[in-house]
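Colleague: Sequence first, then the predicted structure, then my questions.
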Amino acid sequence: MNSNKKRLRRTMMFLNAQKPGLIKDPYIYKPDSIMLDLEDAVAENQKDAARFSLYHALQEIDYRGCERVVRINGLDTSYWKEDIRCAVAGGCDAIRLPKTENAADIVAVEQEVKAAEADFNVPEGKTLLMAAIESARGVMNVLEICESSERLFGIALSGGDYTKDLQTYITGTGVELMGARQNMIIAARAAGVQCFDTVFTDLDNMEGFRKEVETIHLMGFDGKSIVNPRQIPVVHEIFTPTQKDITFAEKVVREIDEKKAQGIGVFTVDGKMIDIAFYDGAKRTIDLAKASGVYKGDL
């Protein structure tokens, strides 16, 4: 299966697939992933034009290592199958399904992706999947969605549609999203896939944005969907380990490796009690630092 399932995805920037000015060079802002949108950003009578633009962008633009995800139209439309064929033929890295409510939705998309890979001579398994959770039913079924396909690398909350379904609205406090966020991150970790937070659309409130990113980072999310390049540095700063984090992680890994060989199970590092349970977290910190390009050690 595709080795990119676990790649670094701190930021995923939404772009209207129909607009050449937006999709020609978004890599200059250095998002980890871009989301080329065929769904909400594109008017009903412009879907064909958007696919044409998308295909040529995927074929002709060097995105310089930036992951290219295509958000297709929902399964309740007549567009989604052609969206998949266009995206796969163009060579996208992944497809995002909106309004995912159960495992059957992902299975249906996977079947179409597999057929398109065969039709367009794309290696089977190259095209990954992700699921957008946008409803109360989707949140309730999130574990089965996470376990629906080997191609599925992650799930993402779509807060606007979810809060409408919940009969409330985005307040800026996070209260209305708390249950969905908690349920999603627990399910994602149980299934071994990544989890991404919803967009923050108040572009003038950078302080509120930073607080929200700090909150979802503490909750365990892997990254955040974004709508503006200004948001990228904040997310990357918060989701990249600090030098202090890295140094402590190195000490933990070295100490555990050494003490384990001596038969010692519990010890202290910088005054903190440590045991083998800390090992995986420390290794994750080092791996994240490496992926983020800030690791200078030798582990």
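Modeller: Right, received. Where do you want to start? Fair warning: this is a prediction, and the values are worked out from it, not measured in the lab. Residues are numbered from 1 along each chain as shown.
Colleague: so where do the strands sit in this structure?
Modeller: Taking DSSP state E as the criterion, the chain carries its strands at 11-16, 33-37, 67-71, 94-97, 128-133, 152-157, 194-197, 223-226, 266-269, 272-275.
Colleague: Show the average pLDDT along the fourth one.
Modeller: Right, strand 94-97. Average pLDDT, strand 94-97: 98.
Colleague: What residues sit buried inside stretch 223-235?
Modeller: 223, 224, 225, 226, 231, 232, 234, 235 (16 or more other C-beta atoms under 10 Å). All C-beta atoms are positioned from the backbone trio N, CA, C, and that covers glycine.
Colleague: measure the fourth one to residue 55 for me?
Modeller: Pointing back at residue 226 there. Taking C-beta to C-beta, to the nearest Å as the measure, residue 226 and residue 55 are separated by 24 Å.
Colleague: again, but for the second one
Modeller: Distance of residue 224 to residue 55, computed by C-beta to C-beta: 28 Å.
Colleague: likewise the third one?
Modeller: Using C-beta to C-beta, we find residue 225 at a distance of 23 Å from residue 55.
Colleague: beta partners of the most centrally placed residue in the chain?
Modeller: When C-alpha atoms, centre = their mean is applied to the chain, the residue found nearest the centroid is residue 196 (4.7 Å). Beta-bridge partners for residue 196, by DSSP bridges, are residue 156, residue 223.
Colleague: how about low-confidence regions in the stretch 1-150 of the chain?
Modeller: Low-confidence segments of the stretch 1-150 of the chain, defined by pLDDT under 70: 1.
Colleague: Report how many residues lie close to residue 218.
Modeller: 9 (other C-beta atoms under 10 Å).
Colleague: got it, and the one 4 residues further on?
Modeller: Per other C-beta under 10 Å, the neighbour tally for residue 222 reads 24.
Colleague: just residue 64 next, same as before
Modeller: Here the neighbour count serves as a burial measure; for residue 64 (other C-beta under 10 Å) it reads 9.
Colleague: which residues touch it?
Modeller: Taking C-beta atoms under 8 Å, 6 or more residues apart in numbering as the criterion, residue 64 is in contact with residue 27.
Colleague: Swap in 10 Å and give it another go.
Modeller: With contact taken as C-beta atoms under 10 Å, 6 or more residues apart in numbering, residue 64 is in contact with 25, 27, 28, 30.
Colleague: do residue 87 as well
Modeller: Here residue 87 is in contact with 17, 36, 38, 51, 54-55, 58, 68-72, 93-96, 113, 116, 127 (C-beta under 10 Å, 6+ apart).
Colleague: rerun that using 8 Å as the cut-off
Modeller: Taking C-beta under 8 Å, 6+ apart as the criterion, residue 87 is in contact with 38, 54, 58, 70, 72, 95, 127.
Colleague: Repeat that for residue 163.
Modeller: For residue 163, the contact set (C-beta under 8 Å, 6+ apart) comprises 169, 170, 176, 177.
Colleague: one more time with 6 Å, if that's ok
Modeller: Listed by C-beta atoms under 6 Å, 6 or more residues apart in numbering, the contact partners of residue 163 are 169, 170, 176.
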